[in-house]
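Asks: Sequence first, predicted model second:
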Amino acid sequence: MFLFTARIPRRRLMAGGITVGLCALAVITALAVTFSSRSVTTGSQSVRVRTNEDRLSYLNTLGWQVSETVLRTEELRIPDTLDASYEEYLTLQTQQGFDLRSYCGRTITRYVYQVENHPQSAQGVEAALLVYRSRVIGGHIQAADGSFVQPLTSSAAAASAQPTPSPTS
């Protein structure tokens, strides 16, 4: 039987311990950031909206002029599983770069604003933003009576910029 002994100066032992500790802390921090928010991809629509002004600015960048006050603020729980009745709405959100399936089982906030510049109707059109943890995760433009729903990205500016056909003689 052989027995080896080694003498390590305290300074080196402490430096090694600190190095190992910092590496472990970096790994733990990286894992916590990765798994804590269950990272969700929302394409180019990943926007933070912490305040009412942020939400108004976001809608304005999409071409919508909305009332400065919120018509309704609602807490909604997205079901754990989305059945076939959600397919059309999920398609609308997917076209805008949003993935609501990633938020199944979560409680979100819906902010509804009065749209003031919709090309088809002067009254009764609303913009709804779906927000989870200060991040836009979806939204749509809708008639207050439910007669139509369209993507946020179908901006009023784009709709009004389309040329109207002129009568031919």
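Replies: Good, I have the coordinates. Residues are numbered from 1 along each chain as shown.
Asks: roughly how far apart are the nearest residue to residue 50 once chain neighbours are set aside and residue 29?
Replies: Counting by Cβ to Cβ, 6 or more residues apart in numbering, the nearest residue to residue 50 once its immediate chain neighbours are dropped is residue 134, at 4.8 Å. To be clear about C-beta, it is placed using only N, CA and C from the backbone, and glycine gets the same treatment. When distances are taken as Cβ to Cβ, to the nearest Å, residue 134 and residue 29 turn out to be 21 Å apart.
Asks: So which residues of the protein form helices?
Replies: If DSSP state H is used as the criterion, the helices of the chain fall at 10-36, 52-61, 87-95, 156-161.
Asks: can I get those helices in TSV with mean pLDDT?
Replies: Putting these into TSV (pLDDT from 0 to 100) gives the following:
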stretch	mean pLDDT
helix 10-36	74
helix 52-61	95
helix 87-95	93
helix 156-161	46
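Asks: can you list the domains in this protein?
Replies: Described in terms of automatic domain parsing, the domain architecture of the chain consists of the residue ranges 10-39, 43-159.
Asks: ok, residue 4 - how many residues close by?
Replies: Using other Cβ atoms under 10 Å, the number of residues around residue 4 comes to 4.
Asks: pLDDT score assigned to it?
Replies: Residue 4 is assigned 77 on the pLDDT scale.
Asks: got it, and the one 3 residues further on?
Replies: Residue 7 carries a pLDDT score of 83 in this model.
Asks: Tell me how far it lies from residue 153.
Replies: When residue 7 is compared with residue 153 (using Cβ to Cβ), they lie 69 Å apart.
Asks: Looking at those two, which one has more neighbours?
Replies: Between residue 7 and residue 153, residue 153 has the larger neighbour count (other Cβ under 10 Å), namely 16 against 4.
Asks: Just give me the neighbour total for the nearest residue to the more buried one once chain neighbours are set aside.
Replies: Of all residues beyond its chain neighbours, the one nearest residue 153 is residue 96 (5.3 Å), with distances taken as Cβ to Cβ, 6+ apart. A count of nearby residues for residue 96, using other Cβ under 10 Å, gives 19.
Asks: re earlier: ok, and which of the domains of the chain has the densest surroundings?
Replies: Most buried of the domains of the chain by mean neighbour count (mean count of other Cβ atoms under 10 Å) is domain 43-159; its value is a mean of 16.
Asks: sorry, back to before: columns distance to residue 1 on top of the domains of the chain, output as a markdown table?
Replies: As requested, the domains of the chain are exported to a markdown table (distance: least, Cβ to Cβ, whole Å):
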| stretch | distance to residue 1 |
| --- | --- |
| domain 10-39 | 26 |
| domain 43-159 | 60 |
